[in-house]
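Colleague: Sharing a model that was predicted from the sequence below.
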Amino acid sequence: MFWSKKKAQWTSETDVLVIGSGGAGLSAALAANESGAKVTVLEKAAKVGGATAVSGGVLWVPNNHHMPEVGVADSRAEALKYVLRLADGRSDEQLIETLVDNAPLMLQFIERAAEMTFAALKRYPDYHPEFEGGKPGGRSLDPGLFDSNELGEWKSKLRRSPVFGMTAMTVTEATDWGVFSKPMALPFKLLGERFQKGLICYGGALVGKLLKATLAKKIDIVLSTAASELIVEEGRVIGVRATQSGKEIAIKARRGVVLASGGFEWSKSLAAQFLAGPLTHPNSPPGNDGDGLKMAMSVGADLANMTEAWWCPSLVIPGEEYDGRPLNRGDFATRSLPHTMIVNRRGVRFVNEAQNYNDLMKPFFSFDPGAYERSNLPAWIILDQQYLDKYALMTHMPGRPAPDWLVSAPTLEALAAKIEVDGAGLRATAARFNELADAGVDSDFRRGESLYDHFYGDPDNKPNPNLGRIEKAPFYAMQVHPGAIGTKGGAKVNPNAQVLDVDGTAIAGLYAAGNVMAGVTGSGYPGAGATIGAGMTFGFLAGRDAAKQKPV
Amino acid sequence: MPEVEYTTRMNLEPEAIWDFVKDMNNWAPYLTGYQKHEVINETDSIWTLKGDVGMLVRSVTMRVHITEWSGPERVSFTLTGINEEMDGGGTFVMGRAAPASATAALVKSEAPKPGIFRRMMNAIARFFFRRKFGAGPQRKELTAAPASELKFTLRMDAGGKTAPLVNAMLGPALLPAAEDLANKIAAHLEKLHDTKKAA
């Protein structure tokens, strides 16, 4: 434990100081507030919401009280078995139990505190629904729509997603309307009306509802203020130094500091230092630079799961920007729909493209020791004209001329030459892929076998919703970049979300939740909303426990 | 179809405005999000603009076709999206200023009269626009009765089935863009005029 050398001159005081305003941070703030503490939230950005606000806004909560409403039964034992398998030995079993036991309590608390109701998504499967304890739906919860006008002057301070921020539809509606497989059937008039009215969805709706509750409870939210150093006295974290408008301030936290500042995916040095593979195209808002991680390390926090991220393949449309940086769009559906496949530089497939985005990325980092290079980077998604005729490709809608940001060619060989992929390899792979598509069974990589794969496929495509021939010219290619919606290595915590030092002793006054904390699910991704569900659960635990501490 | 109209007034002769506006190379860089333009022939050019579409910034390439070239009063043009399914058009109208009238902005949208909600949307859009692209040009207050006015009309219409949604997003961005262009042209001409006068 390092002690602060400078005696702090406090700028302000609070009971519980929360660093970060995403789902984990706002849950911690609401929980601490309910326990009677005075709470302050510091946010580095000028907007509220962090990575949660640009996400799908879904919470993964096993054994939740809404599951009976959609006819899905669940149990603690099933959830534990499922998460334990996915964690792959990289997480503490006690913390997995903490997640499974407390996530349903967190959900009930948030519904009460934020006066909101989630809806269980009956048809959104776990990411490995066929594993023991996996479910075909119900564990992922939809926050619904939110009228952003309810935030008053804070409306403009709510972070909005560059991808999900323009179409106000609930996740339930998106599923029912076939947002991926039937993009032209969406009710655009209704969506336009909702946009004009200020209705928002997904992560924006979730954060909007949490923010509204936070403001109603008179919790202070301080924007554009970057925490940089924990202040420690007599072995206890008692506050933070931060920078605000170029000036250093010090805020005393009488009962505790909750780090909920997100991951380190935008820090090139930390990503290169720790992650299992090159993370070149993060999907989160720029700003998750590992500030919280570094603060935790500086007071001796133990770390875990540092090689892992919530991986997600990224596609880039040249010229698109968000927060002043090129926008990296997470690809959730393109690779799962028919008439697409992903290949490496040899023109060879190497993964079930319809696999969940986290596990999909793992073979991208496969290393060839002889060639001393990563076998599957760079990678390319290949599609044909049939795809463009039927499905959306990010901003491109069916029926429009092919966009200029797609590499195109009249033959697969010509396409291969343009993207420097082996032409014979690509031709042979496409021929094999077409055989599998005709059979409706991918005996090479099992694409289209899982219920999860089908969720992102085209139910009208026969015989398999995820498999369709690649044969109609022109052929197209886009590079698939390694991305992540956040990292999931960080400070180790105990079941109260208290940060542990390298001896396993809790560091007094310091808590962590969300992506700054060592991920409870190890390398696995149990289902849609697992990031936010776990983040909010440990935020809830952190806020509640911090509020109970004896003040200094 | 989202359509906006913006009028600005100057103590300059209409001919001076025409001299500037008639050559698009003069005012192209004043267009919000301007990246580049390529003149194809006397009536056609290709423009690339970088602009806000919803929450993100995208590059849009459009063909501009001049349909009317009636100096010193009027230029009309059409816009056709090349990489986006949209079209539209606009006019610059220059003339003697009507007496005792002030600079005014008017939104023409699907709703015939701008209601309180629409005005609020425009105010919010203007706020974000200013924050992103900076405050508009600093112009001196007109001390004498203005000699001429420049009226800029712009309309954009997304095509295809997604049009209702895209138009909803485009609408609030148009008025601040029209204001910005007209005011930048006016500020440039006023500065030029002052410099000449001082010389």
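Modeller: Right, received. Where do you want to start?

Colleague: By mean pLDDT, which helix or strand of chain B comes out lowest?
Modeller: strand B:104-108 (a mean of 39; mean pLDDT, DSSP states H and E).

Colleague: confidence score at residue A:6?
Modeller: On pLDDT, residue A:6 comes in at 58.

Colleague: same deal with residue A:399?
Modeller: According to the model, residue A:399 carries a pLDDT of 85.

Colleague: Helix, strand or coil: sort out it for me.
Modeller: For residue A:399, the assignment made with DSSP: H, G, I helix; E, B strand; the rest coil gives coil.

Colleague: Up against chain B, what does chain A have?
Modeller: A:156, A:160-163, A:165-167, A:184, A:186, A:188-189, A:191-193, A:195-196, A:317-322, A:327, A:395, A:397, A:399-400, A:403-404 (C-beta under 8 Å from any C-beta of the partner chain). For glycine as for every other residue, the C-beta is placed from the backbone atoms N, C-alpha and C.

Colleague: Need the buried ones from those selected in PyMOL.
Modeller: PyMOL command restricting the residues of chain A next to chain B to the buried ones, with burial defined by 16 or more other C-beta atoms under 10 Å in any protein chain shown:
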select buried, chain A and resi 160+161+162+163+165+166+167+186+188+191+192+195+196+317+319+320+322+327+395+397+400+403
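
Colleague: Okay, and which of the residues of chain A next to chain B map to strands?
Modeller: A:321, A:322 (DSSP state E).

Colleague: Among the residues of chain A next to chain B, which ones are in helices?
Modeller: A:188, A:189, A:191, A:192, A:193, A:195, A:196 (DSSP state H).

Colleague: Now do the same contact list for the second one.
Modeller: By that I understand residue A:189. If you count contacts by C-beta atoms under 8 Å, 6 or more residues apart in numbering or on different chains, residue A:189 has them with residue B:164.

Colleague: Check what pLDDT it gets.
Modeller: 94.

Colleague: residue closest to the middle of chain A?
Modeller: The centroid of chain A falls nearest to residue A:485 when counting by C-alpha atoms, centre = their mean (4.2 Å).

Colleague: how many neighbours does residue A:414 have?
Modeller: 14 (other C-beta atoms under 10 Å in any protein chain shown).

Colleague: does residue A:286 sit in a helix, a strand or a coil?
Modeller: coil.

Colleague: Give me the contact list for the longest strand seen in chain B.
Modeller: Secondary structure of chain B per DSSP E: the longest strand is strand B:56-70. Residues outside strand B:56-70 that contact it (C-beta under 8 Å, 6+ apart) are A:162-163, A:317-322, A:327, A:395, B:22, B:24, B:35, B:37, B:42-51, B:53, B:74-84, B:86, B:89, B:91.

Colleague: list the buried ones in that strand?
Modeller: B:56, B:57, B:58, B:59, B:60, B:61, B:62, B:64.

Colleague: then that strand to PDB, C-alphas only?
Modeller: Taking Å, rounded to 0.1, in the frame of the first residue of the first chain, the C-alpha atoms of strand B:56-70 are listed here in PDB:
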ATOM      1  CA  LEU B  56     -22.200  10.400 -35.500                       C
ATOM      2  CA  VAL B  57     -20.200  12.200 -38.200                       C
ATOM      3  CA  ARG B  58     -20.400  10.800 -41.700                       C
ATOM      4  CA  SER B  59     -19.100  11.900 -45.100                       C
ATOM      5  CA  VAL B  60     -21.800  12.600 -47.700                       C
ATOM      6  CA  THR B  61     -21.100  13.000 -51.400                       C
ATOM      7  CA  MET B  62     -23.600  14.900 -53.500                       C
ATOM      8  CA  ARG B  63     -24.000  16.000 -57.100                       C
ATOM      9  CA  VAL B  64     -25.000  19.700 -57.300                       C
ATOM     10  CA  HIS B  65     -26.700  20.700 -60.500                       C
ATOM     11  CA  ILE B  66     -27.500  24.300 -61.200                       C
ATOM     12  CA  THR B  67     -30.900  24.700 -62.700                       C
ATOM     13  CA  GLU B  68     -31.300  28.400 -62.800                       C
ATOM     14  CA  TRP B  69     -28.600  31.100 -63.100                       C
ATOM     15  CA  SER B  70     -30.300  34.500 -63.200                       C
END
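
Colleague: pLDDT on that strand, on average?
Modeller: Per-residue scores along strand B:56-70 average to 86.

Colleague: Name the strands paired with whatever helix or strand comes next after that strand and say parallel or antiparallel.
Modeller: Downstream of strand B:56-70, the first helix or strand assigned by DSSP states H and E is strand B:74-81. Strand pairing for strand B:74-81, determined by DSSP bridges: strand B:56-70 (antiparallel), strand B:86-96 (antiparallel).
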